[in-house]
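Enquirer: below is the sequence, then the predicted model.
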Amino acid sequence: MDRLDQLRGPVPPRPHDARAIAALAANPGCARRAVLDAAGIDKDATATHLGFPAPFGQSPFAITRGNAFESLVKESGCAELLRLLRERLGLPIPQASYTDLGDVGGNPSAQLRHGHTRKLIDRAARDSDDAGTLFDHPLLRLDIAGHSSYLEPDVVAFRLGARFHIVEIKSFAVVDGQAEPDKVAAAARQAAVYVLALRDMLGELGHDPERVSHDVVLVCPENFANRPTATLVDVRKELAVLRRQLARMTRVGSIVAALPEGLSFDLARDAAGVPTRPADELREAVGTVEARYVPECLSTCDLCFFCRDEAAGEGSTDLLGRQVRDALGGVATVAEALGLADGSLTPDEGQEEIARLLRLADRIYAEVS
Ligand code: SF4
């Protein structure tokens with residue numbers, strides 16, 4: 001059995017979505033997240049069983065609204081989407097074929113779906129006719145820290161002539177031509193993950209990866225009505241950041257190899273799917289893999305409350321944010337920093353400079369307070 005399967009236990013790997021990958025790249029130095037994600041472990045269920053449920057998830061209202069809007073855009077073989085591509089973006093699409101890759105003959109297996117997506121994308125890339133072609137739910141794959149992860153997409157890959165575009169459908173509103181910048185930025189980061197994965201696929205199939213456009217089509221409701229509008233968003237910057245961050249990510253293979261034999265994050269679910277593993281045992285197992293908590297985890301990782309609690313228990317300087325942690329380089333805990341500052345602790349080799357600065361800060365603080 002693969003070591004990552006062993007770590008996960010007898011449940012299928014949880015598929016990654018682009019949001020998770022964009023977030024994964026946000027904390028590339030965290031070995032814990034790299035291992036759990038590479039093994040496809042359900043971090044949400046893990047955090048809940050540990051007693052620290054994640055603060056994420058859309059409200060049922062937002063989910064219903066998002067699903068309704070997506071259905072509207074995609075109904076009748078993406079007829080509304082085609083109208084937008086023609087009218088709003090002026091794309092000359094004489095006709096279009098629509099293929100839903102959501103399952104293959106009723107079989108939802110990721111491998112099968114990925115193989116089917118490859119076959120159809122390969123055929124579309126070789127096809128010289130100019131007919132527009134829409135592929136709904138293409139199952140893509142991306143190498144993350146040396147391991148392949150399937151992307152469960154919510155997008156349409158759209159081919160026009162020799163170029164492919166990613167279409168991202170979002171339910172946040174565009175009002176008077178403007179949308180909330182952070183929502184557009186998050187959508188662009190996610191779309192960049194799909195562009196990268198589709199480029200990888202084209203490259204593996206022997207086609208030019210650059211045939212996947214860096215211009216993605218963002219479809220949103222206009223002016224709070226449900227009528228969709230489309231905008232082209234250039235994701236070159238996001239692609240560059242993503243590539244750099246993925247390349248920099250800790251190599252998960254060497255971390256996994258160093259973990260104790262027999263380690264598992266299995267929740268030991270019973271027949272009804274309820275986790276039965278003692279929480280303390282799971283806490284110990286999760287604690288085996290080093291974390292690198294940063295306050296940004298609070299908006300990007302399901303384990304954030306658990307890791308924050310752990311970091312607080314250790315008095316870790318990680319809690320103070322990246323800037324402070326980097327400035328304190330090599331000083332792992334707040335207690336150590338305070339000891340160096342008041343002189344009660346002798347600096348280790350290499351800590352002399354930071355100890356001098358901490359003593360100086362301590363003196364200044366004492367003088368002004
Ligand atoms: S919350 Fe924990 S596991 Fe997730 S990225 Fe932060 S430190 Fe790593």
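Expert: All right, it came through fine.
Enquirer: what does the chain put close to the ligand?
Expert: 27, 30, 32, 33, 291, 292, 293, 297, 301, 303, 304, 307 (C-beta under 6 Å from any ligand atom). For the C-beta atoms, the positions are set from N, CA and C on the backbone; glycine is no exception.
Enquirer: tabulate those (CSV), appending secondary structure, pLDDT and neighbour count.
Expert: Shown next, in CSV, are those (DSSP: H, G, I helix; E, B strand; the rest coil; pLDDT from 0 to 100; neighbours: other C-beta atoms under 10 Å):
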residue, secondary structure, pLDDT, neighbour count
27, coil, 72, 21
30, coil, 84, 24
32, helix, 92, 23
33, helix, 87, 29
291, coil, 91, 24
292, coil, 87, 20
293, coil, 89, 25
297, helix, 86, 24
301, coil, 88, 28
303, coil, 94, 23
304, helix, 93, 22
307, helix, 95, 27
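Enquirer: and those residues as JSON lines, adding distance to residue 82?
Expert: Shown next, in JSON lines, are the residues of the chain next to the ligand (distance: C-beta to C-beta, whole Å):
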{"residue": "27", "distance to residue 82": "39"}
{"residue": "30", "distance to residue 82": "42"}
{"residue": "32", "distance to residue 82": "44"}
{"residue": "33", "distance to residue 82": "39"}
{"residue": "291", "distance to residue 82": "47"}
{"residue": "292", "distance to residue 82": "46"}
{"residue": "293", "distance to residue 82": "46"}
{"residue": "297", "distance to residue 82": "41"}
{"residue": "301", "distance to residue 82": "38"}
{"residue": "303", "distance to residue 82": "42"}
{"residue": "304", "distance to residue 82": "41"}
{"residue": "307", "distance to residue 82": "45"}
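Enquirer: and what about residue 232, helix, strand or coil?
Expert: Each residue gets one of three states, and residue 232 gets strand by DSSP: H, G, I helix; E, B strand; the rest coil.
Enquirer: which ones are touching the nearest residue to it once chain neighbours are set aside?
Expert: In this structure, residue 232 finds its nearest non-sequential neighbour in residue 215, 4.6 Å apart by C-beta to C-beta, 6 or more residues apart in numbering. By C-beta atoms under 8 Å, 6 or more residues apart in numbering, the contact set of residue 215 is 165, 232, 233, 234, 235.
Enquirer: 7 Å instead?
Expert: 165, 232, 233, 234 (C-beta atoms under 7 Å, 6 or more residues apart in numbering).
Enquirer: measure how buried residue 288 is and give me the count.
Expert: 12 (other C-beta atoms under 10 Å).
Enquirer: on the pLDDT front, check the closest residue to it other than its chain neighbours for me.
Expert: Spatially, and ignoring its direct neighbours in sequence, residue 288 is nearest to residue 263 (5.9 Å; C-beta to C-beta, 6+ apart). What the model reports as pLDDT for residue 263 is 95.
Enquirer: can you pull the buried residues of stretch 312-323?
Expert: Residues of stretch 312-323 classed as buried by neighbour count (16 or more other C-beta atoms under 10 Å): 314, 316, 317, 318, 319, 320.
Enquirer: would you mind measuring from the residue nearest to residue 288 to residue 257?
Expert: 12 Å (C-beta to C-beta, to the nearest Å).
Enquirer: cool, and residue 69?
Expert: 45 Å.
Enquirer: residue 322 now?
Expert: From residue 322 to residue 257 the distance is 28 Å (C-beta to C-beta).
Enquirer: check residue 320 too.
Expert: Residue 320 is 32 Å from residue 257, by C-beta to C-beta.
Enquirer: go on, residue 6?
Expert: 13 Å.
Enquirer: one more: residue 345?
Expert: For residue 345, the distance to residue 257 - C-beta to C-beta - is 35 Å.
Enquirer: these two: who's more crowded?
Expert: Comparing residue 345 with residue 257 by neighbour count (other C-beta under 10 Å), the higher total belongs to residue 345, at 17 against 9.
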